[in-house]
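K.L.:
got a predicted model here, sequence first, then my questions.
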Amino acid sequence: MAKLILSMDGLILKEYTLAKERTTIGRKPHNDIQIDNLAVSGEHAVVVSILNDSFLEDLGSTNGTLVNGQQIKKHFLQNNDVIELGKYKLKYLHEQTGQAKAADFEKTMVLRPGAMKAMQPPAAGPAAAAAHPPGTPPAAAHAPGAAPAARSFGDTQVNQGALASAAAAASPAPAAAAPAAAPKPAAAALRVGVLRILTGGNAGKQLELVKPLTTLGKPGVQVAVITRRPQGYFITHVEGAHFPVLNGKVLDAQAHALADHDTIELAGVKMEFYFKT
Amino acid sequence: MNLEQALQIVSETDQGMVRSHNEDSVASDASRGLVVLADGMGGYNAGEVASGMATTVIVTEMQRVLDQQVSFEADPQTGKSVAQKLLRDHITKANTSIYQASQSQPQYSGMGTTLVVALFHDNKMTVAHIGDSRLYRMRGEELKQITKDHSLLQEQIDSGLITPEQAKLSANKNLVTRALGIDPAVEPEIHDYDTIPGDIYLLCSDGLCDMVSDEDIRMALQMLGANLKLCAQQLVQMANDNGGRDNVSVILIRVVRDYAAPSGILTKVFGWLK
């Protein structure tokens, strides 16, 4: 069950539970949350609740309503949002209750007509929003510190084409590097991998591997994919009669972890994988 | 024309990283161009029972009917597609089975399942769905969600109460407004679509689309479409890497070539006379 904590100048005044579909806020006594202050309008704002979601709406108040410092007309409330009316603050809290087990998170449930009216917190129902909302793909974990540019996928394709059309001399000396060791997961998750092309017409070009998937090679001839996972980077054969060569060894159909300074050979082009420092 | 030569089908289903059971169920019959995906719900293991019944009943019954060499041309009286009627009838059968089972045992009470069924015939795809499991189409570089969720959030979006961006943050996720097996009668949503060689279709449970963004799904289909098995494994892996909070299932179908139904001589004659 969501609640609002009213405070002023850091002093907590009262706690309100959002049990009704509409919780009104204002100076007049009929409001559910009455704030007796001239800076607050008679009917200042309202919180509308639909099952586990709450929306704040300003009712055309004289001085306006702020959420986390921004003036709003209508706002979809998230856990820990701070609403400001004049000098008063209302903190919105909506945490997973102790009873809801982790396994019930994300469970699909059927909504029956009439269920909307009963605003009971379900005993073991869909979990309330936790500190970070469920279902939001953790983009931060996937690409920390690197803003995936909208066109970087397109760049990958261009690079693929460039690699394929590079007139490659097909016999580089196999690298005498040690077999790839599995990268330490914690460190690897934060590091950005980079591919540097070593041979052919695109020698010297570099590609930062910020996306979850980057394909290399020539579609229809030989393609491999480098996947970026929490555990690190992996290379997997996608299509083609020939498999990619990693540090001089021909790979099989399985995914293989990539380590700092590994060399990859694909479609006649040699490249180096390393972690950006 | 053997459909197996025209369609490449792969499926993957995974328990995910959090759940103790897999209550999703997938089934496919490439030779008959039929795929089914179901995401079960209910206490104990009832979800597993409901989704398993849904896929078994529909596949078994459809196989029997399709073996009788049914023509899929439109019924001249109603103008409606025969394929649609077949799916509707068999979904009703599955619904009755699940509903009756739920009434017969206390631990199955209230169990139900979402459903997505696709039947490929004559360069067309007939899709029936109930709930929030989805069917997407990848055509060229564009990924399009073909089925519309039967969910509270979708209804709120449709009536303008919330935006799709707000829906992503909502705590009311995973509340479906329709399901198979929870009522004596069921209303699936059924449509026909044309298919083009090169199309890739993705059926998935919400364990995928809740954990992986549409853009990442699109990227996986585009980059790995040449290796459907790897693509399916990659989608499941991405869902698990992002938390895997639910069971995740995918079925991928690639239309390799034309699969027009041979039309009889009489149909051709009537066609000229129209």
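P.N.:
Cool, the structure landed.

K.L.:
hey, let's count contacts and neighbours off CA atoms from now on
P.N.:
OK.

K.L.:
show me what contacts the residue of the stretch 1-150 of chain A found nearest chain B?
P.N.:
Across the stretch 1-150 of chain A, the shortest distance to chain B (CA to the nearest CA) belongs to residue A:108, at 4.4 Å. For residue A:108, the contact set (CA atoms under 8 Å, 6 or more residues apart in numbering or on different chains) comprises A:126, B:41, B:173-176.

K.L.:
now do residue A:277
P.N.:
If a contact means CA under 8 Å, 6+ apart, then residue A:277 has residue A:191 as its contacts.

K.L.:
and the residue of the stretch 1-150 of chain A closest to chain B, how far from residue B:40?
P.N.:
8 Å (CA to CA, to the nearest Å).

K.L.:
repeat for residue A:208
P.N.:
For residue A:208, the distance to residue B:40 - CA to CA - is 41 Å.

K.L.:
if you look at the contacts of residue A:108, which of them are in strands?
P.N.:
Judged by DSSP state E, strands contain the following of these: B:41, B:175-176.

K.L.:
check whether stretch A:76-84 comes near chain B.
P.N.:
Yes - residues of stretch A:76-84 contacting chain B under CA under 8 Å from any CA of the partner chain: residue A:76.

K.L.:
can you list phi and psi of the closest residue to chain A within the stretch 51-200 of chain B for me?
P.N.:
Residue of the stretch 51-200 of chain B nearest chain A, by CA to the nearest CA: residue B:174 (4.4 Å). Dihedral pair for residue B:174: phi 70, psi 20, per degrees, to the nearest 10.

K.L.:
residues near it, how many?
P.N.:
A total of 24 residues lie near residue B:174 under the criterion other CA atoms under 10 Å in any protein chain shown.

K.L.:
so where is chain B shaky, pLDDT-wise?
P.N.:
Residue ranges of chain B with pLDDT under 70: B:1, B:69-71, B:73-80, B:263-274.

K.L.:
now do the helices in the chain.
P.N.:
Looking at chain A here, since you left the chain open. Ranges of helices within chain A are A:139-142, A:152-165, A:185-190, based on DSSP state H.

K.L.:
that's the other chain; I wanted chain B
P.N.:
Under DSSP H, chain B gives helices at B:3-6, B:46-67, B:82-104, B:152-158, B:164-169, B:206-209, B:214-224, B:228-241, B:265-273.

K.L.:
now these in a markdown table, please, with extra columns for mean neighbour count.
P.N.:
As requested, the helices of chain B are arranged in a markdown table below (neighbours: other CA atoms under 10 Å in any protein chain shown):
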| stretch | mean neighbour count |
| --- | --- |
| helix B:3-6 | 18 |
| helix B:46-67 | 20 |
| helix B:82-104 | 20 |
| helix B:152-158 | 18 |
| helix B:164-169 | 15 |
| helix B:206-209 | 26 |
| helix B:214-224 | 19 |
| helix B:228-241 | 22 |
| helix B:265-273 | 9 |
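
K.L.:
distance to residue A:39 for the ones you listed - can I get that in JSON lines?
P.N.:
Putting the helices of chain B into JSON lines (distance: least, CA to CA, whole Å) gives the following:
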{"stretch": "helix B:3-6", "distance to residue A:39": "71"}
{"stretch": "helix B:46-67", "distance to residue A:39": "54"}
{"stretch": "helix B:82-104", "distance to residue A:39": "58"}
{"stretch": "helix B:152-158", "distance to residue A:39": "34"}
{"stretch": "helix B:164-169", "distance to residue A:39": "30"}
{"stretch": "helix B:206-209", "distance to residue A:39": "46"}
{"stretch": "helix B:214-224", "distance to residue A:39": "45"}
{"stretch": "helix B:228-241", "distance to residue A:39": "49"}
{"stretch": "helix B:265-273", "distance to residue A:39": "77"}
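
K.L.:
for residue A:50, find the nearest of the ones you listed.
P.N.:
helix B:152-158 (10.1 Å; CA to CA).

K.L.:
neighbours of the closest residue in space to residue B:206 that isn't next to it in sequence, how many?
P.N.:
Ranked by CA to CA, 6 or more residues apart in numbering or on different chains and with sequence neighbours excluded, the top spatial neighbour of residue B:206 is residue B:133, at 5.6 Å. Residue B:133 has 27 neighbouring residues, counting by other CA under 10 Å.

K.L.:
contacting residues for residue B:111?
P.N.:
By CA under 8 Å, 6+ apart, the contact set of residue B:111 is B:40-43, B:46-47, B:50, B:98-99, B:102, B:181-182.
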